[in-house]
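> need a structure here:
(2 chains)
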Number of protein chains: 2
Amino acid sequence: MTRNKRAAQATPESLHQIFTIPEAPDSTLGRIEAEISQNLNGFLAKSIVATDKPLTEIEKDFAQSQIPEQPQYVSDHTHHLLDKLISQSVHTSSPSFIGHMTSALPYFLLPLTKLMTGLNQNLVKIETSKAFTPLERQVLGMLHRLVYNEPDDFYQEFMHSAGHSLGAFCSGGTVANITALWVARNNLLKADGEFKGVAQQGLHKALQHYGYQGVAIVVSERGHYSLKKAADILGIGRESVISVATDEHNRIDIEQLQRTCAELESQKIKVMCLVGVAGTTETGNVDPLTEMAAIAEQYNCHFHVDAAWGGATLLSNKYRDVLKGIELADSVTIDAHKQMYVPMGAGLVVFKNPAAVASIEHHAEYILRKGSKDLGSHTLEGSRPGMAMMVYASLHIISRPGYELLINQSIEKAKYFAQLIDQDSDFELISEPELCLLTYRYAPQAVQSFLQTANAQQSLDINSLLDKLTKFIQKRQREDGKSFVSRTRIEVAKYSGRKTLVFRVVLANPLTTEQILKDVLAEQKQIAASSLQYLPQIIDTIRAT
Amino acid sequence: MTRNKRAAQATPESLHQIFTIPEAPDSTLGRIEAEISQNLNGFLAKSIVATDKPLTEIEKDFAQSQIPEQPQYVSDHTHHLLDKLISQSVHTSSPSFIGHMTSALPYFLLPLTKLMTGLNQNLVKIETSKAFTPLERQVLGMLHRLVYNEPDDFYQEFMHSAGHSLGAFCSGGTVANITALWVARNNLLKADGEFKGVAQQGLHKALQHYGYQGVAIVVSERGHYSLKKAADILGIGRESVISVATDEHNRIDIEQLQRTCAELESQKIKVMCLVGVAGTTETGNVDPLTEMAAIAEQYNCHFHVDAAWGGATLLSNKYRDVLKGIELADSVTIDAHKQMYVPMGAGLVVFKNPAAVASIEHHAEYILRKGSKDLGSHTLEGSRPGMAMMVYASLHIISRPGYELLINQSIEKAKYFAQLIDQDSDFELISEPELCLLTYRYAPQAVQSFLQTANAQQSLDINSLLDKLTKFIQKRQREDGKSFVSRTRIEVAKYSGRKTLVFRVVLANPLTTEQILKDVLAEQKQIAASSLQYLPQIIDTIRAT
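Numbering: from 1, shown residues only, chains lettered A, B, ... in the order given. Predicted structure coming up:
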């Protein structure tokens, strides 16, 4: 600490210093940086406290609403960040943090992030990004090719063409999905005769012009919540997202999809877009994309595939067929910050037709002039950082076969974990892994057996109690801080489609070992055994019947 | 280079390495990182080539559409990035790069970026961000207080309340503006009787229910292009952004604004939102916000202030009154990556009413459960990085008085530059700096004098030629690589509102010296003198009259 120093003061000299004089290597921030560089996991394991502090307690450290009138020395502030922020953050790259889609990162990305920040390019326009613009276009081209595999001359013609775009890079899958649906909406309700198009004249006049009662987005009940958000933002309304039931593998029921589309048509509601899910957020399953594409063609509507999670599977020659049919989509969302192991803030959408984005193009006087190659003329966001560089570097350093190994390992680890669960009579596997996600719950053999023959009321009673137990175990395990699985509620076919609380596991961290998976189960058993409330209640309920 | 090494191979071991073994300090990437840490500007000045390479040439280095089948060593790839990308990027932090809003960064942000990346938090939900959630809420609270200055107990009640939100953090001003207008639209067209609200049922039914012919966003002709983009996305249509003329200081004409609103009302078009501009992108002027607020109240509509650029001026006690009336706005956009000197990717919007965002709230089963404090339940984006930490650290280390010094310096530097231009008979100042932006052009005294007495046709002829000269000078100066001003086209009152091409200057880099400003003008004179085409043509045209 620097109590013996004079207090910091804001003077022209001190400010000039922070812009010109770097932190010394032996300063507090310098030492931390060196530690991160040498042993990130060691630093995180040491700095993040393992036990849970209630959020309301943490909030007390972030309660001041006045902007400080007194500057802080960098070293003092660094200590403050360590004490109050880092210690209470989440060790997302921990090999036993297997509950969400955020995982470990390759080391080389840390210095590259610093390089990116130092360069501070703004990708909205060439004047503030120059080579970063063709780089981003190349990254989009590579991902486009991964999905659509068009011939060389296609990419030669379109990848760097001012009038075309193979996709849009953005901060994440939600913006990517909104962008895709925005394009779909504007292409559907395009200019026609006197009507100048929805982009110019809005949705109200567009529907009047085309004589539709409404437009709809059709997706399985496992569709990501960002689709409803998109429908809200785009003025279509959340009710226009029509949910279709899934089969026992969490994939859209094609027959019901057919019926839904026919019904909408009969009501003069135009199907604007079918959305296929390639890797549902909750279970990692993939919709039958080829069949969906055929229906989209039949109804002459946009076919979008939300492959935010699953898209990277295309990098695996062994497993890419799981996403068969994706090449028939008009647009595909892929999050590089998920299974491509890039830091948070890297999503993208690719478009089959390089002219599709014309429907969302816009210009301004001082930038994005017509005919320019400024990326900002067809993105939802304006100013944006050069995150595409992280994807570019990862694609080159890891390469496709490297990604294939990572993807294959993840899927096979999930299959191994599913086996562990299956073999353990205290657990019930709820969804098998198709990619590297699975769901399960704690339910002793006796309880599972009882449920097989229980009547509707009995089943409901026991499942409600099991829900409480699942929640209890998940929360306690998170609070204990050794490992983390998430929880969600999904319809389970064998329980008559009842929405059931389950553990959700994502096995994307390359550093997660088989031993860790065994430990996760062992810990859950222990917590269950310690549950003086729920487990005895379940047993009593069964006995009483 | 590593030609003598064996080629890189993707093996489970090599992949395990990139996740566990850091770059050695003496590796290529390690050396570059050290160089950036020690002397960022030196590194950039040395690494970025000064002379312009045509974009089509650069594109040749980014032409490959296949994802590599062969991994690259980190060191080899680093050399590649230096050769092809860094060398052809833009030195945005150069003190003579005074054409855009991207500038130098304080040094402490570089190691902090690395820390942020290493932590890889996802702020969509507490489970992947923990203390980062209260931190972001505090940052929003601080900026809210900067704008609205509510009493302490207001912030105690709302800053960390699950059911409220003082704002939304996002990747930039465009998303912030879209978010504000989304909130405005949903609050205007809210649920009412049988009608479930625009969020649920869409714009078409909303307008039918409320009996509006349309809704409008009213803004001066200097409004940022993101507003039209927002109108398109939100389904309102770009035509619904109604432009109001500005006075000779680029501020909205209040009388015309009154007339516009009255006219819209008479057409049964509901004014959804007035947008005040606090720091126009092109000239840095600020609308009369107090008067606008009164009109917004009269028409009972949302009043949004786009202070993406100018918002930080509130940190200066000396100049904050330039934005007087901003505290009357329902929402305010501020970009921290502009005048708050934070890296690209940090925008935000604050809402006067902490309950305003309820109209865009959404939930999902596995996250964002009702009653949670997950930030993702009221943001446009989903997964997001912990950029709020950069703002937090800067507010503490620089402090308000430090920001005041920076802001004051920028404004005073712009006034000095305006003086230089005014005193030099070869230049014509087009817009005076109100904040740290100004516009001007090269126009020798004789030409300026001629224009004062010229008739309409003569004025048009000469101004058209001057436009060409301005473009020529701006492009040549950029290509020569010593310094950079941008160019734009704005209506100039003294030339009967003709859209005139001008140099645009943004003086936010604390390292820009007075000498650099003199050099910029000297260089422009030199380029003008070398223009064998435009200058002689202008002189001939004048002589011929």
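> need the residues of the stretch 351-500 of chain A near chain B, please.
A:360, A:362-366, A:368, A:373, A:380-386, A:389, A:393, A:395-402, A:404-406, A:409, A:478, A:484, A:486-490 (Cβ under 8 Å from any Cβ of the partner chain). (Each C-beta comes from the backbone N, C-alpha and C, glycine too.)
> out of those, list just those in strands.
Judged by DSSP state E, the subset of those located in strands is A:486-490.
> tell me the contacts of A:Gly279?
A:Gly279 makes contacts with A:285-286, A:307-311, A:313, A:435, A:437, as judged by Cβ atoms under 8 Å, 6 or more residues apart in numbering or on different chains.
> and if we set it to 10 Å?
Counting by Cβ atoms under 10 Å, 6 or more residues apart in numbering or on different chains, A:Gly279 touches A:101, A:222, A:224, A:285-287, A:305-313, A:322-323, A:335, A:338-339, A:434-437.
> tell me who's in contact with the nearest residue to it once chain neighbours are set aside.
Once flanking residues are discounted, A:Gly279 sits nearest to A:Gly310: 2.7 Å by Cβ to Cβ, 6 or more residues apart in numbering or on different chains. Residues in contact with A:Gly310, defined by Cβ under 10 Å, 6+ apart, are A:277-280, A:284-286, A:319, A:322-323, A:326, A:332, A:334-335, A:338-339, A:407, A:434-437.
> wait, A:Glu412 touches A:Thr512, no?
No - A:Glu412 is beyond contact range of A:Thr512, at 11.9 Å (criterion: Cβ atoms under 10 Å).
> shared neighbours of these two, anything?
A:Cys436.
> which one's more surrounded, these two?
A:Thr512 (26 against 15; other Cβ atoms under 10 Å in any protein chain shown).
> OK, contacts around the closest residue in space to the more buried one that isn't next to it in sequence?
With sequence-adjacent residues excluded and distances taken as Cβ to Cβ, 6+ apart, A:Thr512 is closest to A:Pro95, at 4.4 Å. Residues in contact with A:Pro95 (Cβ under 10 Å, 6+ apart) are A:41, A:103-104, A:483, A:509-513, A:515-517, B:19.
> what about A:Val349, which SS state?
Using DSSP: H, G, I helix; E, B strand; the rest coil, the secondary structure recorded for A:Val349 is strand.
> which residue comes closest to it once chain neighbours are left out?
In space, A:Val349 is closest to A:Ala176, 4.0 Å off (Cβ to Cβ, 6+ apart).
> quick one: the strands in the stretch 251-400 of chain A, in order.
A:269-277, A:302-306, A:331-335, A:347-351 (DSSP state E, counting those that start in this stretch).
> mind putting these into CSV with mean neighbour count?
Compiled in CSV, those are given as follows (neighbours: other Cβ atoms under 10 Å in any protein chain shown):
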stretch, mean neighbour count
strand A:269-277, 26
strand A:302-306, 28
strand A:331-335, 30
strand A:347-351, 30
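> of all these, which one is nearest A:Asp247?
strand A:269-277 (12.9 Å; Cβ to Cβ).
> given the closest one, what are its sheet partners and their directions?
strand A:214-220 (parallel), strand A:302-306 (parallel) (DSSP bridges).
> can you list the ones you listed in a markdown table and add mean pLDDT?
Putting the strands paired with strand A:269-277 into a markdown table (pLDDT from 0 to 100) gives the following:
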| stretch | mean pLDDT |
| --- | --- |
| strand A:214-220 | 97 |
| strand A:302-306 | 98 |
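> how about A:Phe503: what's its closest non-neighbour residue?
A:Val485 (4.6 Å).
> one more: A:Met389?
Closest to A:Met389 by Cβ to Cβ, 6+ apart is A:Met116, at 5.7 Å.
> one step back: what about burial for the residues of the stretch 351-500 of chain A next to chain B, which qualify?
By neighbour count, with 16 or more other Cβ atoms under 10 Å in any protein chain shown, these hold A:360, A:362, A:364-366, A:368, A:373, A:380-386, A:389, A:393, A:395-402, A:404-406, A:409, A:478, A:484, A:486-490 as buried.
> out of the strands of the stretch 251-400 of chain A, which comes closest to B:Leu15?
Using Cβ to Cβ, these put strand A:331-335 closest to B:Leu15, at 20.0 Å.
> so the closest one, near chain B or not?
Yes - counting by Cβ under 10 Å from any Cβ of the partner chain, chain B has neighbours in strand A:331-335: A:Asp335.
> now that strand: average pLDDT?
Averaging pLDDT along strand A:331-335 yields 98.
> for the residue of the stretch 151-300 of chain A found nearest chain B, what are its contacts?
When scored by Cβ to the nearest Cβ, the stretch 151-300 of chain A has A:Gly235 as its residue closest to chain B, at 2.2 Å. Counting by Cβ under 10 Å, 6+ apart, A:Gly235 touches A:185, A:198, A:202-204, A:206, A:215, B:182, B:185, B:189, B:198-199, B:202-204, B:206-207, B:233-237.
> narrow these to those in helices?
Residues of those located in helices (DSSP state H): A:185, A:198, A:202-204, A:206, B:182, B:185, B:198-199, B:202-204, B:206-207, B:233.
> circling back: quick one: which of the ones in strands among the residues of the stretch 351-500 of chain A next to chain B is nearest chain B?
Nearest to chain B among those, with distances taken as Cβ to the nearest Cβ, is A:Thr488, at 3.6 Å.
> hang on, the closest one packs against A:Gly284?
No - using Cβ under 10 Å, A:Thr488 is not in contact with A:Gly284; the gap is 11.9 Å.
> shared neighbours of the two, anything?
In contact with both A:Thr488 and A:Gly284: A:439, A:504, using Cβ under 10 Å, 6+ apart.
> quick check, A:Lys114 in a strand?
No - counting by three-state DSSP, A:Lys114 is not found in a strand; it is helix.
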